[in-house]
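*Asks:* Sequence first, then the predicted structure, then my questions.
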Amino acid sequence: MQQIHLGTIDYAILGVYFAFVLGIGWALRRFVKSSEDFFLSGRSIPAWIAGLAFISANLGAQEVIGMGASGAKYGMMTSHFYWLGAIPAMVFVGIFMMPFYYGSRARSVPEYLKLRFDEKTRGFNAITFAVMTVFSSGISMYALAKLLELILGWSFHTSVILSAAIVLAYIFLGGLTSAIYNEVLQFFLIVMGFLPLVLLGLKDVGGWDGLTAKLSTVATNAGYAPGAWSSSWRHLDSASANPMGVEWFGLVMGLGFVLSFGYWCTDFLVVQRAMAADSMTAARRTPLLAAIPKMLFPALVILPGMIAIAMHGTGGGLLPVGSDGTPNYNLAVPVMLAHYLPSGLLGLGLTALMASFMSGMAGNVTAFNAVWTYDIYQSHIRPGQSDQHYLRMGQVATVFGILLSVVAAYAATRFNNILDMLQLVFAFVNAPLFATFLLGMFWRRTTGHGAFYGLLIGTAAAAMHHGLVLPHGATPGLKGAFFGPVLHTYPSEMAQNFWTAIFAWSACFVATIVISLATKRNKSDDELKGLVYALTPRLTDHEIVWYKRPATLAVVVLGLTLILNVIFW
Amino acid sequence: MKLDLRLPIGLMFTIFGVMLTLYGLASDPAIYARSLGVNINLWWGLVLVVFGLVMLGFALRAQRLLKSSDTDSTSTP
């Protein structure tokens, strides 16, 4: 694509943003006195801030660039990543799981596993999670640097070093509070930076009606029914009827249940934001409040991709095309920015893009340093030190966490769609994990051995399945079939990932039950108080006004999501 | 709250808004061909100024309320 030339005004906006990001870190540094301040914001964050940080931490590279790319590649079906693959799980974590996370005073998700099960389960989760966060943060940095190289002509190394240095500085100074505050700032910036793009794009294609008309041309040219790009549920009867290559069962079970609940309910990256809330009610309301903007995000991140492919497919030739004739979907959002925004607003749009990458990175780094310090360093390497010692360790961990991400950034290259790659990693590590939590929280008979070996079996099942199947048109290797024989060919990578997750979850679920029944319980009912549903006193919300209760909020959120699904059916 | 987050949010968006509005007034109208002829810098700049000022307003009101309750508690013996 043609490179964008930035004017003085664009650089000035970027400069003001960097000044505020660093300024917030500087202003918060005097509040960091203990390790709890650094890793959990001293549990003092109000619900609305924690809620916005909750979605913003997830708003990294995979969201803005990946969802835009998916919007172009798969159309309206991408909304399933929100209305099916996020909201129900966010409601579940707020209503059912937060009482155990927040109530147990665990400082991290692995620490909850230690309290509920045993040390080895915690260790396994802590190590896989730490590796995953570094990997994700590296992908974020890689994607940002690649993008800036392509559209602005900045050198890859400069972008990596600059973004790493800024994130390092503000987390080092203010810890989690600084990351959370900046995530909220980034949230507003992303909304304010992308909204004009969406409005101009919609005006150009002639509103929603104009868009669907253009998208039906795109769909029929690709050999699908006219509505394949503009409806979310209508073409899910068989995998060959939609561009995503999935059928409704794989989608609902794989994405809607296993991957979604695995991510939103057990991933410390997001749960940490709720744990930092200032009270139990605030912690429970965090994911519920987050769900409201989350359900509107498709308009901000998917729509630009859909507009881009509509313009591209009806003669605009907007997107750059690769040598094999397929458009480069990952460039959908940057191309749209360059196409519609004049100097000035372009600076704001690019700043928003950078903000999204940095919030994704910072989320991973703060989760990494807490898990490293509490669950690996304090419990296995140097236990029994002073709190100041662990606070310093957290700051050191921030530095080497970022250094490792830089290494990962240089290592990450393979997939054409970043989202597919992240889903793959989550499928291996996160998919079995939700079975462990579900059994751990709702079945007191689950034992430590059951949880640990169940998790191992689940992760192995994910790797086995992935190693024996292949998506259509791919060559054996990282994309599947690395064991040699190809037992099954899926119509798309997305379908393959969903089914990997389903296999992993089922294997872990069954194995955990069988092993738990065969082994002795390692925790008594008394030790499990506050950790298991049946042994925890019910929370009563009677002292809160009815419209502020988590349950009321949950009903509203689910109702609105249902309406959105029906409208865009 | 340690630092009222609405303060930096309000300040940053007000600054962005003013920058874009002024640039929208001063810039060559030819650059708005790509934004469908709309002077989007001017209009979106104004939107940002309003958003920024509302955030600042909330932050300042919260601060005033906090101060007045502080003086109340110190004045009571």
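*Replies:* That came in fine, so what should we check first?
*Asks:* interface residues of chain A facing chain B?
*Replies:* Residues of chain A found near chain B (C-beta under 8 Å from any C-beta of the partner chain) are A:9, A:12-13, A:16-17, A:20, A:23-24, A:27-28, A:31, A:44, A:46, A:49, A:177, A:181, A:184-185, A:188, A:192, A:196, A:200, A:203-204, A:339-345, A:348. Just so you know, the C-beta spots here come from the backbone N, C-alpha and C atoms, and that holds for glycine as well.
*Asks:* Could you give me the buried positions within the helix-or-strand element of chain B with minimal mean pLDDT?
*Replies:* When the helices and strands of chain B are scored by mean pLDDT, DSSP states H and E, helix B:40-75 comes last with a mean of 81. Buried residues in helix B:40-75, defined by neighbour count with 16 or more other C-beta atoms under 10 Å in any protein chain shown: B:40-45, B:47-49, B:51-52, B:55-56, B:59.
*Asks:* And the residues of chain A next to chain B, which of them are buried?
*Replies:* A:9, A:12-13, A:16-17, A:20, A:24, A:27-28, A:31, A:44, A:49, A:177, A:181, A:184-185, A:188, A:192, A:196, A:200, A:204, A:339-345, A:348.
*Asks:* And the strands in chain A?
*Replies:* Secondary structure of chain A (DSSP state E): strands located at A:469-471, A:488-490.
*Asks:* among the ones you listed, which is the most enclosed?
*Replies:* strand A:469-471 (a mean of 21; mean count of other C-beta atoms under 10 Å in any protein chain shown).
*Asks:* What pairs with that one, parallel or antiparallel?
*Replies:* Strand A:469-471 has the following sheet partners, assigned by DSSP bridges: strand A:488-490 (parallel).
*Asks:* can you list contacts of the strand it pairs with?
*Replies:* A:239, A:245, A:468, A:469, A:470, A:471, A:472, A:496, A:499 (C-beta atoms under 8 Å, 6 or more residues apart in numbering or on different chains).
*Asks:* who's in contact with residue A:211?
*Replies:* A:202, A:205, A:230, A:306, A:307, A:310.
*Asks:* any chance of these in CSV, with neighbour count too?
*Replies:* Converted to CSV, these look like this (neighbours: other C-beta atoms under 10 Å in any protein chain shown):
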residue, neighbour count
A:202, 17
A:205, 20
A:230, 22
A:306, 28
A:307, 29
A:310, 28
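*Asks:* okay, among those residues, which ones form the most distant pair?
*Replies:* A:202 and A:230 (13.5 Å; C-beta to C-beta).
*Asks:* in stretch A:293-308, what's buried?
*Replies:* For stretch A:293-308, by 16+ other C-beta under 10 Å, it's A:293-295, A:297-298, A:300-308.
*Asks:* Spatially central residue in chain B, please.
*Replies:* Centroid-nearest residue in chain B, with C-alpha atoms, centre = their mean: residue B:52, separated by 1.6 Å.
*Asks:* could you dump stretch A:517-528 to PDB, C-alpha only?
*Replies:* Provided in PDB are the C-alpha atoms of stretch A:517-528 (Å, rounded to 0.1, in the frame of the first residue of the first chain):
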ATOM      1  CA  LEU A 517     -13.100 -40.300  42.100                       C
ATOM      2  CA  ALA A 518     -10.100 -42.600  42.100                       C
ATOM      3  CA  THR A 519      -8.000 -40.400  44.500                       C
ATOM      4  CA  LYS A 520      -8.500 -39.300  48.100                       C
ATOM      5  CA  ARG A 521      -9.700 -35.700  48.800                       C
ATOM      6  CA  ASN A 522      -6.800 -33.500  49.800                       C
ATOM      7  CA  LYS A 523      -8.900 -30.700  51.300                       C
ATOM      8  CA  SER A 524     -11.600 -30.900  53.900                       C
ATOM      9  CA  ASP A 525     -14.900 -29.200  53.700                       C
ATOM     10  CA  ASP A 526     -13.600 -26.700  56.300                       C
ATOM     11  CA  GLU A 527     -10.600 -25.800  54.100                       C
ATOM     12  CA  LEU A 528     -12.800 -25.300  51.100                       C
END
